[in-house]
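>>> The sequence and its predicted three-dimensional model are supplied below.
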Amino acid sequence: METRIEIKLTDITGERVDAIVNAANTSLLGGGGVDGAIHQAAGPELLEECRLMHGCPTGGAKLTRGYRLFAKYVIHTVGPVWQGGKHNEDELLADCYRNCLKLAQEHGIKTVAFPCISTGVYRFPIERAAAIALKTIDENLAGSGVEKVVFVCFDEVNHRAYLDRV
Ligand code: AR6
């Protein structure tokens, strides 16, 4: 099976994929950045379902429906807050990508779009985050049943960091 990796500069809420990934916080009760944009686009039912989840640990992932989004599902993951690099941040960020893929596999999701997890408010260095995202997906895609992964960047710096690595 051929798997496609795409890198885009766009708003993730408009992606026409089976699932979009949300860079959430441990409460799963919404926030700013991509989290705010996804809740805004999906509508209030998303928050209602998130309330039933009782949060999510850093590096973990939980799945909800997508409501008013094109995407049937939202996979909520919680990236690490950058604290200088000696607090297991790299491994926790890799866990986010791995656990999202795992959920995608369990739900028969074929196409999934990821934002640049942790690179906004959580201040993870952009180049380092892009390298981890690409490597982790590359290492875990085989056998997952996922046929297309879209890395959705929202700014030129992240976009360039991904393009330079493929
Ligand atoms: N589409 C795609 N990417 C986006 C969008 C969008 N509509 N909006 C922002 N980004 P951030 P984090 C990019 O801060 O660092 C929230 O408040 C953004 O440019 O959204 O993981 C949560 O509730 C950046 O590259 O997430 C948490 O409290 C990337 O998404 C906290 O922020 C991630 O930036 C999580 O922080």
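All right, it came through fine. Numbering: from 1, shown residues only.
>>> Can you get me a residue count around the residue nearest to Pro80 when sequence neighbours are not counted?
Among residues not flanking Pro80 along the chain, Leu92 sits closest, at 4.0 Å (C-beta to C-beta, 6 or more residues apart in numbering). Yep, even glycine has a C-beta here, placed from its N, CA and C like the rest. Each residue near Leu92 was counted by other C-beta atoms under 10 Å, and the total is 21.
>>> There's contact between Leu92 and Gly60 in this structure, I believe.
No: contact criterion C-beta atoms under 8 Å: Leu92 and Gly60 do not qualify, at 9.5 Å.
>>> re the thing from before, contacting residues for the residue nearest to Pro80?
By C-beta atoms under 8 Å, 6 or more residues apart in numbering, the contact list for Leu92 reads 58-59, 79-80.
>>> between those residues, which has the most around it?
Gly79 leads the contacts of Leu92 on contacts (other C-beta under 10 Å) with 26 neighbours.
>>> Could you measure from it over to Gly33?
11 Å (C-beta to C-beta, to the nearest Å).
>>> intersection of neighbour lists for those two?
In contact with both Gly79 and Gly33: Ala23, using C-beta under 8 Å, 6+ apart.
>>> In this protein, which helix is the longest?
Longest helix of the chain, by residue count under DSSP state H: helix 89-106.
>>> Enumerate the residues of the chain near the ligand.
11-13, 23-25, 31-35, 37, 79, 115-122, 152, 154-155, 158 (C-beta under 6 Å from any ligand atom).
>>> Pull out the buried members of those residues.
When the residues of the chain next to the ligand are checked for burial by 16 or more other C-beta atoms under 10 Å, the buried set is 12-13, 23-25, 31, 33-35, 37, 79, 115-120, 122, 152, 154, 158.
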